[in-house]
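Asker: build me a structure from this.
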Amino acid sequence: MARIEAWAVDDIGEVTAGTDLAALVVEAAAADLADGDIVLVTSKVVSKAEDRVVTGDRDQAILDQTVRVVARRGATAIVENHLGLVMAAAGVDASNVEPGRVVLLPEDPDSSAAALRVRVHAETGRNVAVVVTDTAGRAWRTGQTDLAVGVAGLEPLEEFAGRTDAYGNELAVTAPAVADELASVAELVSGKLSGRPVTVVRGLSHRVLEAGSHGPGARALLRPRDQDMFALGAREAVLAAVRGRDADCFGTPAPAEEVLAALESCGLTGAVAGVSVRVDLPAHDLRDQVVAAERVRLVAHAHGWRPHSDTGSGDTLTVSPTPP
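Answerer: Below you'll find the model as predicted:
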């Protein structure tokens, strides 16, 4: 690969419920399309064409689309929506739409991308990949970038694990999110306010799958819950531990040594005994024992462990991994 080109497609026009989006894309872009191109379409116009614009209260729409609240600070809520995406306001958007109406994400963006890809191939003979994009913020970073919520005809993730670099070092976890990188390129070219929701990227034909093979879709980019180190916000993680809930958000049980180190950082001492950790509680003061036992429970819960109330004596408590 020597270079890539990217350009926004003009003359798409207004999209409303029932609009044949594929016909618009073909009419506007067909003359410039080539085999191996990647067509990127904003989720906004996909949703409009699929009649995913609703009338009513935005807050209620967000609530309806929310599966789980990840973090909340004031009026801002980061949630997991029905697609498994973690984003602000569940991806509900009130921009570029009539007042009093909001746009929901497509019901199945991967299927939307596949349907558009099939139509473009049928009507132009061009084998292109299709990516449906949306805007989201990211942990650790200020600002937003576009990412892929639907993908067809493209492997959304490139696994480098097992390869070696120029120095002979074996790579272990490197896996570029190719579809997200493409979505960001499209946003740079099309802009937020230009009214050009379709972008074409050329120069990556080696990544485009053969016609009829759509790949795993954007769902392959969703991080499994047990691997998500940020499945809850800072406040929400504390509340989950206090309530003894959302254990799956803390991942698989931590090693005993890690649990022991965490207990010691909280002023609690103990020792590893097989797969369990036996914790020393204050020997005489009942109130101190109760407080210490509750601290043990909180630390254990946050590490995928649980205390055993039927083991130990009055001055010890045993914790062990929570069974799946």
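
Asker: doesn't V79 belong to a strand?
Answerer: Yes: according to DSSP: H, G, I helix; E, B strand; the rest coil, V79 belongs to a strand.

Asker: my guess is it meets V92, correct?
Answerer: No: if you go by Cβ atoms under 8 Å, V79 and V92 don't touch, sitting 9.8 Å apart. For glycine as for every other residue, the C-beta is placed from the backbone atoms N, C-alpha and C.

Asker: overlap in contacts, those two.
Answerer: Counting by Cβ atoms under 8 Å, 6 or more residues apart in numbering, the contacts common to V79 and V92 are I62, Q65.

Asker: next, the contact list for P197, please.
Answerer: Counted by Cβ under 8 Å, 6+ apart, P197 has contacts I12, V15, V41, T42, K44, V45, S190.

Asker: quick one: it from D10, how far?
Answerer: 11 Å (Cβ to Cβ, to the nearest Å).

Asker: after the strand ranked longest in the chain comes which helix or strand?
Answerer: Using DSSP state E, we find that the single longest strand of the chain is strand 141-152. For strand 141-152, the succeeding helix or strand toward the C-terminus, using DSSP states H and E, is helix 178-190.

Asker: mind listing what's buried in that next one?
Answerer: By neighbour count on 16 or more other Cβ atoms under 10 Å, the buried set for helix 178-190 is V178, A179, D180, E181, L182, A183, S184, V185, A186, E187, V189, S190.

Asker: ok, now stretch 112-122?
Answerer: Buried residues in stretch 112-122 (16+ other Cβ under 10 Å): S112, A113, A114, A115, L116, R117, V118, R119, V120, H121.

Asker: the residue of the chain positioned farthest from its centre in helix, strand or coil?
Answerer: The outermost residue of the chain relative to its centre, with distances by Cα atoms, centre = their mean, is H284 at 49.1 Å. Here H284 is coil, with the state taken from three-state DSSP.

Asker: quick one: it from E264, how far?
Answerer: 21 Å.

Asker: now do E181
Answerer: E181 is 43 Å from E264, by Cβ to Cβ.

Asker: and L239, by the same measure?
Answerer: In terms of Cβ to Cβ, L239 sits 24 Å off from E264.

Asker: for P323, same thing?
Answerer: 25 Å.

Asker: circling back to that earlier point, just the buried residues of helix 178-190 now: which is nearest P216?
Answerer: Distance to P216 across these (Cβ to Cβ) is lowest for A179, with 10.4 Å.

Asker: re the thing from before, in helices, which of the buried residues of stretch 112-122 appear?
Answerer: If you go by DSSP state H, the buried residues of stretch 112-122 have S112, A113, A114, A115, L116, R117, V118, R119, V120, H121 in helices.

Asker: can you list the residues you listed in TSV and add pLDDT?
Answerer: Below are those laid out as TSV (pLDDT from 0 to 100):
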residue	pLDDT
S112	98
A113	98
A114	98
A115	98
L116	97
R117	98
V118	98
R119	97
V120	97
H121	97
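
Asker: okay if I get the residues you listed as TSV plus distance to V208?
Answerer: Below are these laid out as TSV (distance: Cβ to Cβ, whole Å):
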residue	distance to V208
S112	18
A113	13
A114	14
A115	17
L116	14
R117	10
V118	14
R119	16
V120	12
H121	11
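
Asker: after the helix or strand containing A6, which helix or strand is next?
Answerer: Assigned by DSSP H and E, A6 belongs to strand 5-8. Following strand 5-8 in sequence order, the next helix or strand is helix 21-29 (DSSP H and E).

Asker: just the C-alpha atoms of that following helix, please, in CSV.
Answerer: Provided in CSV are the C-alpha atoms of helix 21-29 (Å, rounded to 0.1, in the frame of the first residue of the first chain):
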residue,chain,number,x,y,z
LEU,A,21,-30.5,5.0,0.4
ALA,A,22,-28.7,2.5,-1.8
ALA,A,23,-30.2,4.1,-4.9
LEU,A,24,-29.0,7.5,-3.7
VAL,A,25,-25.5,6.2,-3.1
VAL,A,26,-25.4,4.5,-6.5
GLU,A,27,-26.7,7.6,-8.3
ALA,A,28,-24.3,9.9,-6.6
ALA,A,29,-21.1,7.8,-6.4
